[in-house]
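In: Give me coordinates for this.
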Amino acid sequence: MTTIPGCGWAQATFRCGRCGAQHTATTEADYLKAVGVHRDAHAMWDRLNAIERDGIASILAV
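Out: Predicted coordinates:
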């Protein structure tokens, strides 16, 4: 977390060790939301079979 002297929370960057995604948040609430949404996305991806993963990947590529 990076802080500005005398200002408290300035920003924090979330980096996923699994996929390398990064998200910088300027509030604690935004940071916690980003981490939760990203965790949920990985959980959903893990439940998909190979055909479903290929389908979603091709949609995202467009």
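In: State which helix of the chain is the longest.
Out: Secondary structure of the chain per DSSP state H: the longest helix is helix 28-47.
In: buried stuff in it?
Out: Residues of helix 28-47 classed as buried under the neighbour-count rule (16 or more other C-beta atoms under 10 Å) are 31, 34, 38. Quick note: C-beta positions are derived from backbone N, CA and C, even for glycine.
In: State the mean pLDDT of that helix.
Out: Here helix 28-47 scores 95 as its mean pLDDT.
In: could you point out which element follows that helix?
Out: helix 50-61 (DSSP states H and E).
In: That next one: how far from the chain's middle?
Out: 19 Å (C-alpha atoms, centre = their mean, to the nearest Å).
In: what residues does it touch?
Out: The contact list for helix 50-61 (C-beta atoms under 8 Å, 6 or more residues apart in numbering) reads 45, 48.
In: Now it - C-alpha only, PDB.
Out: Only the C-alpha atoms of helix 50-61 are listed here, as PDB (Å, rounded to 0.1, in the frame of the first residue of the first chain):
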ATOM      1  CA  ALA A  50     -12.600 -27.400 -21.000                       C
ATOM      2  CA  ILE A  51     -15.300 -26.800 -23.600                       C
ATOM      3  CA  GLU A  52     -16.900 -24.100 -21.500                       C
ATOM      4  CA  ARG A  53     -13.500 -22.500 -20.800                       C
ATOM      5  CA  ASP A  54     -12.700 -22.400 -24.600                       C
ATOM      6  CA  GLY A  55     -16.100 -20.800 -25.300                       C
ATOM      7  CA  ILE A  56     -15.700 -18.100 -22.700                       C
ATOM      8  CA  ALA A  57     -12.100 -17.400 -23.800                       C
ATOM      9  CA  SER A  58     -13.200 -17.000 -27.500                       C
ATOM     10  CA  ILE A  59     -16.000 -14.600 -26.400                       C
ATOM     11  CA  LEU A  60     -13.600 -12.500 -24.400                       C
ATOM     12  CA  ALA A  61     -11.100 -12.500 -27.300                       C
END
